[in-house]
Structures are given as C-alpha cells and as structure tokens.
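# Got a predicted model here, sequence first, then my questions.
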Amino acid sequence: MQPHGPGADPTIRSLISTVYVPSFLFAAGAGAVIPQVALTARSLGASVAVAGLAVALRGIGTMVFDVPSGALVARLGERKAMLVGTGLLIASLLGAVTAGSVIVFSFWMFLMGCGWAVWMLARLTYVSEVMPLHLRGRALSTMGGVQRMGTFVGPFVGAAAVAVAGFDGVYFVHLILAIAALGVILRIRDPHVTSTSGPGHPNLDVLGIARRHSTVFLTAGVGTIAIALLRTTRQVILPLWAEHIGLDAATVGVIFGISAAIDMVLFYPAGSVSDRFGRKMVAVPSIVIMAIAMALVPLSGGFWSLTGVALLMGFGNGLGSGIIMTLGADFAPPGYRAEFLGVWRLVGDVGSAAGPLVVSGLAAISLGAAALAVAGIGLAGAGLMAFRMPEPNLAARKRPAD
C-alpha cells in the first residue's frame, strides 16, 4: 500500500514548504530555548537540582502527552492538531516570560513539552500518510536532518538573543519562529490532502494497541528504546568523561560541534539506503556503531581520542537519522495510524528518559562502567532488530528518486 493524497504524486520536494521549513523553524526555536531553561530557573531562585527538574519537565510533558496527541490528531486531523500544538507552545512561551517563581516556570516548561508532542505527532502522521513507501525513508530522514539543523543553529540565535534582551529574548525567539512556522503551514496550499481519521475506525487504548502489535513493540520497539537511550546517554557521558580527563567546557563544546557536523550531513544518504535496501540496513549499523563508540569512551584519554569517539558517535547517529520515525510510519496501521504513532513515540521517549537515569545509577560504580553498560544494551537492541524484527520495507520496489 502506498498512501498518498490526491493531486500531484508526492515527492521529497513537495514537502519543503509543508514539512521541512516549519520543522526547521520549530527546531531552531527549541534549540534556542533548551540551553537557557536551567539558567532561567536559576535566575528565579532555583537550586541546581530544581533547575535540572525544570529542564526534565519539558521532556516529561512530551512523554506524558504522546498518547493523547495520537487521539487528538486522529480526531481533529493533522492541520487542526498543529494549531492546538502551536497554541499550547505559544501559551507556554508567554507564561515562561511572565513567570514570577520557579514553580510557575516549571509548569510552563511541562506545557511546552505537551505542545511539542502534539506538533511532532501531527507532522509524523502527515508524512506517514502522504509519502509512498519507496520514498518514506528519505522523507523522514530528511525531516530528522532538518530538525537537527534547527537545533544546531538555534543555540547560536539564542545566545545572541540573551545578549540583547536577557533570558526573555530566547522565549520570544521561539515564539516568533513558531508563529512563522504556523504561518507557512496555513498560507501554503497543501498539495496532498489527507485525513488520519475515518468512519468507524477502532478506538483502541494504549494496551489495546500494544496487544494487537506486540511482536512489533517487543522487537522494533525495544530496538528504538536502545537507539533513543544511546542518543541521550552520549549527551551525558561525553561531557562528564571530558571533565574526568581534564577538558574544559569550551573544549567540550568544540567536540560536540564537530560531532554534530558529521551527524547532519548523513541524513539523505541514510534515508536512501533505508528505502533501497530495507530499514534494518540502517537501523542495525546505526546502533552498533554508536554502541562501539560508547564502549570506546573509557579508553579515551585526551582531546583527540575523545573527538574520534564523538565523531564515531555522530556518524552512527547520522546514519540513523529519522529511523525511529520511519519504522513507526511503516508499522502504523492505516485504520488508526495516529493512535499507533502516539504509542510509538512514547516508546522512544521512554528510551530517551532512561538514558540519563542509567548513567546516574551506574556512575556511582564508575563512569566507565556506565558507558560499557549502555553499549551492551545497545548491542542487545541491535541483535534483536537484526534477527527478530520483521522487515517492514519488503513490499517496496526500487523506484527512481524524486
């Protein structure tokens, strides 16, 4: 089955205005805000621990709202759901600027995560519905790459905004970019009309979806947890290990920047391989490479060796650009696609949340032990995907690229 709307056949280019430009603007706004959340909380009198909680609440809000977002998109459709998500985001940004206490500020961070959950689920459902199977990997890997570009550019824009207008500046930057993204979506005629809902489609809850698709969640789902865990853990392990071997914060920033550069350039080749040769040909090597890099962290003793490890991680992560979204789109049943994708995103977000917790728990033994444990989890996930996960792309036929 190759679902797409009426009119011109969908291509990667046809998603530029409706998907990629808005995704970049949203991601750039988030990239501007995220580095400043903890510092904003500190300026409101929060302790270091409470400031960390304020940061975590944004991710918690996203995770809590993943499943309700699926139901919302199914009921309203992608376009109206994006209006709701953008409205929540705008409210949270205005609230963050006017918050007079860290408790109120933390609530707005939670709401920001809820808004992001709705917006991302609506975009993912739209691309899943519109793009034919032979282009889906490239479409979603490009979406992942565009979002990474946005989060790469955003911190620089945010730093300039803080220099000009203080902490409030970054929240206004995100607000302006979110409104601009919404304006692009509303003003550009959508060439691919689609709807996620239909008469009489089953109203399944989380457990119902999990039971009906247990094989998928116990294989591909566990693999996506491993991918998400590796991705978030590297953001904790690398800076902590850099500090352990005596590198300063500026040097850590350089290492992350180099890693991000190679991460961003691989998204389209990765999607092309995924479409032509199957999802496993991207997902499994991505996990294995990141796991090997994680296992090499304890062996690095200086700037160059740690930079080499970070480059390897960036290569592995770039190879997996958009793979979690692509697998979710492939496995999602047309009858209740949005609801399934809500549960799928929850699975991935659980992996993201688990990464820092695993590091915190094992760091009491040693940071090296934490890195090795995460590497082991990653390799186990890769093995499960390689040998047990059904290949969702078998029905695809090689077609000329758009």
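Alright, I've got the coordinates.
# helices or strands up against the worst-scoring helix or strand of the chain on mean pLDDT?
One helix or strand of the chain scores below all others by mean pLDDT, DSSP states H and E: helix 249-265, with a mean of 78. With contacts taken as 3 or more C-beta pairs under 8 Å, 6 or more residues apart in numbering; DSSP states H and E, helix 249-265 sits against helix 133-165, helix 222-244, helix 303-319. Yep, even glycine has a C-beta here, placed from its N, CA and C like the rest.
# what's the offset of that helix from the middle of its chain?
Distance of helix 249-265 from the chain centroid (C-alpha atoms, centre = their mean, to the nearest Å) equals 18 Å.
# what does it contact?
The contact list for helix 249-265 (C-beta atoms under 8 Å, 6 or more residues apart in numbering) reads 145, 148-149, 152, 238-239, 242-243, 247, 303, 306-307, 310-311, 313-315, 317-318, 321.
# The same query, at a cut-off of 10 Å, please.
Here helix 249-265 makes contact (C-beta atoms under 10 Å, 6 or more residues apart in numbering) with 144-146, 148-149, 151-152, 155, 234-235, 238-243, 247, 293, 303, 306-321.
# List only buried entries from those residues.
144-146, 148-149, 151-152, 155, 234, 238-242, 247, 293, 303, 306-307, 309-321 (16 or more other C-beta atoms under 10 Å).
# Quick check: which ranges of the stretch 1-150 of the chain have low pLDDT?
Along the stretch 1-150 of the chain, the model assigns pLDDT under 70 to residues 1-8, 48.
# Leaving out sequence neighbours, find the closest residue to the residue nearest the centre of the chain.
With distances taken as C-alpha atoms, centre = their mean, the residue of the chain nearest its centroid is residue 144 (7.3 Å). The spatially closest residue to residue 144, leaving aside those adjacent along the chain, is residue 322, at 3.4 Å (C-beta to C-beta, 6 or more residues apart in numbering).
# can you pull the contacts of the one you found?
Residue 322 makes contacts with 124, 127, 136-148, 267-268, 270-271, 274, 282, 329, as judged by C-beta under 10 Å, 6+ apart.
# Am I right that the residue nearest to the centre of the chain is in contact with residue 329?
No. With contacts counted by C-beta atoms under 10 Å, residue 144 stays clear of residue 329, the gap being 11.9 Å.
# quick one: residue 74 from residue 369, how far?
44 Å (C-beta to C-beta, to the nearest Å).
# Looking at those two, which is more packed in?
residue 74 (25 against 13; other C-beta atoms under 10 Å).
# The more buried one is in contact with residue 332, isn't it?
No. Assessed by C-beta under 10 Å, residue 74 is found out of contact with residue 332, at 11.3 Å.
# where's residue 11, which helix or strand?
Following DSSP states H and E, there is no helix or strand that holds residue 11.
# Surely it touches residue 131?
Yes. Using C-beta under 10 Å, residue 11 is in contact with residue 131, at 8.9 Å.
# Please enumerate the shared neighbours of these two.
138, 139.
# the more surrounded of those two?
Neighbour count, other C-beta under 10 Å: between residue 11 and residue 131, residue 131 has more, with 26 against 16.
# The spatially closest residue to the more buried one that is not a sequence neighbour: what's it in contact with?
Ranked by C-beta to C-beta, 6+ apart and with sequence neighbours excluded, the top spatial neighbour of residue 131 is residue 139, at 4.5 Å. By C-beta under 10 Å, 6+ apart, residue 139 lies in contact with 10-12, 14-15, 19-20, 127-128, 130-132, 271, 275, 322, 325-326, 329, 402.
# Return the subset of those lying in helices.
127, 128, 130, 271, 275, 325, 326, 329 (DSSP state H).
# and which of these is nearest residue 163?
Taking C-beta to C-beta as the measure, residue 163 lies nearest residue 325 of the ones in helices among the contacts of residue 139, at 34.8 Å.
# From residue 86, how far off is the closest one?
From residue 325 to residue 86 the distance is 20 Å (C-beta to C-beta).
# which one of these two has more residues nearby?
Shown here are residue 325 and residue 86; by other C-beta under 10 Å, residue 325 has more neighbours (27 against 22).
# residues contacting that one?
120, 123-124, 127-128, 136-137, 139-141, 143-144, 147, 224, 341, 344-345, 348.
# Report the buried members of those.
Listed as buried from the contacts of residue 325 are 120, 123-124, 127-128, 136-137, 139-141, 143-144, 147, 224, 341, 344-345, 348; burial here means 16+ other C-beta under 10 Å.
# Any regions of the stretch 151-300 of the chain where pLDDT drops low?
Within the stretch 151-300 of the chain, the segments meeting pLDDT under 70 span 188-205, 249-250.
# In stretch 216-235, which residues are buried?
Of the residues in stretch 216-235, 216-217, 219-234 count as buried by neighbour count, 16+ other C-beta under 10 Å.
# rewinding a little: and for residue 74 and residue 332, which residues touch both?
Taking C-beta under 10 Å, 6+ apart as the contact rule, residue 74 and residue 332 both touch 125, 196, 338, 339, 340, 341, 342.
# what's near enough to touch residue 39?
By C-beta under 10 Å, 6+ apart, residue 39 lies in contact with 46, 51, 55, 162, 167, 170.
# Run a quick neighbour tally on the nearest residue to residue 221 once chain neighbours are set aside.
Counting by C-beta to C-beta, 6+ apart, residue 347 is the residue found nearest to residue 221 once chain neighbours are left out, at 4.8 Å. Using other C-beta under 10 Å, residue 347 has 21 other residues around it.
# One more: residue 31?
Residue 31: 25 surrounding residues under other C-beta under 10 Å.
# for residue 245, same thing?
12.
# Does the residue nearest to residue 158 when sequence neighbours are not counted lie in a helix or a strand, and which?
Leaving aside its sequence neighbours, residue 158 sits nearest to residue 32 (C-beta to C-beta, 6+ apart; 3.2 Å). Using DSSP H and E, residue 32 sits in helix 21-43.
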